[in-house]
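1. build me a model:
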Amino acid sequence: MKIVTFNLRCDNNSDGENRWQFRKGIVLDRLEAEAPDVAGFQEVKPEMADFLRRHLNGYLCVGCGRSAEYGGENNMIAFRQDRYELMRLETFWLSGTPDEPGSRYPNQSDCPRVCTHIELRPWDSAAVFHVYNTHLDHVSDEARILGAQAIMRHIDEDQKRRPAPLVVTGDMNAEPDSGAIAVFTSGEKHPLVNETPDFIASYHGFGKCPEHAQIDYIFSEGFKAVRPPVAWSELSFGKCLSDHNALCAFLEPAGE
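-> Numbers count the residues shown, from 1 in each chain. A predicted model of the protein is given here:
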């Protein structure tokens, strides 16, 4: 199973020739060539979501915007409809009131943060698995830790309700030795495995940052890696796909 996390970089006038309108074709081409089973996207604005829903053939793209009106950026998940059936879909806000659209922690940025959660069942199996996709706060370390804790609490609840293997994808805005990442990997009940270890750089600012940082991750529980992870770092027609490299992990259920 090929799992991808990919911050697409929201459409922003300040990006000039790197704006989404000049990248969307090469992003689509790469996704179609790679054909991941599941992709967790971040910074997906409404017009970007519309483009992916219309043109990413064979995929169901799910998720809603993070604002109080369900607009704005979206942590969309796309999965292959020929391989998986959608069993459950929800979005929860990373806040003290996770069911309240647009809610935030007091000390975070002005941007609400959400997690998109789905349960998928392979068409040829009765066994489901969970996928969580998120984008933690870019300003407050406290908010990142609280957001990670909120996701892990949700995972604990979901595992009580329906135990199953799980994957967490996202732009965590946190490096591997940070407190937020420790929340994911050091949990008492469900410590997650970092499937994209810290030698894989992800953020590069459209090639402008000589020292890339790893702030994007794929975590799992109940899966095992069958191949080393890779980063989509190649240029396409002289352009970066985004200001982040997509990261790709190759997993199968641990019992197989």
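2. who are the packing partners of the lengthiest helix in the chain?
-> When the chain is parsed with DSSP state H, its longest helix is helix 141-161. Contacts defined by 3 or more Cβ pairs under 8 Å, 6 or more residues apart in numbering; DSSP states H and E place helix 141-161 against strand 114-122, strand 129-135, strand 166-171, helix 179-185. Using the backbone N, CA and C atoms, a C-beta is placed for each residue, glycine as well.
3. so what's the residue count around residue 97?
-> Using other Cβ atoms under 10 Å, residue 97 has 11 neighbouring residues.
4. likewise residue 10?
-> 19.
5. is it in contact with residue 43, as I believe?
-> Yes: in this structure, residue 10 is within contact of residue 43 by Cβ atoms under 8 Å, at 4.2 Å.
6. common neighbours of the two, please.
-> Common neighbours of residue 10 and residue 43 (criterion: Cβ atoms under 8 Å, 6 or more residues apart in numbering): residue 73.
7. what is the strand or helix carrying residue 30 packed up against?
-> According to DSSP states H and E, residue 30 maps onto helix 20-34. The elements that helix 20-34 packs onto, with contact taken as 3+ Cβ pairs under 8 Å, 6+ apart, are helix 46-55.
8. list the buried residues for the helix it packs on?
-> 48-49, 51-52 (16 or more other Cβ atoms under 10 Å).
9. list the contacts of residue 31.
-> 39, 56.
10. try 6 Å this time
-> Counting by Cβ atoms under 6 Å, 6 or more residues apart in numbering, residue 31 touches no other residue.
11. could you do residue 75 as well?
-> 42, 63, 114, 116, 133-135.
12. against residue 225, how distant is the closest residue to residue 138 other than its chain neighbours?
-> Setting aside the residues directly before and after it, residue 138 is nearest to residue 173 in space (Cβ to Cβ, 6 or more residues apart in numbering), at 4.8 Å. Distance of residue 173 to residue 225, given as Cβ to Cβ, to the nearest Å: 24 Å.
13. that older thread, out of the contacts of residue 75, which comes closest to residue 190?
-> Closest approach between those and residue 190, by Cβ to Cβ: residue 134, at 15.6 Å.
14. isn't the closest one up against residue 115?
-> Yes: counting by Cβ atoms under 6 Å, residue 134 does reach residue 115; the two are 4.2 Å apart.
15. pLDDT below threshold where in the stretch 1-150 of the chain?
-> Across the stretch 1-150 of the chain, not a single residue meets the criterion (pLDDT under 70).
16. redo that, cut-off 90
-> 11-15 (pLDDT under 90).
17. contact partners of stretch 193-203?
-> Contacts of stretch 193-203 (Cβ under 6 Å, 6+ apart): 176, 185, 212-220, 225, 229, 231, 244-245, 247, 249.
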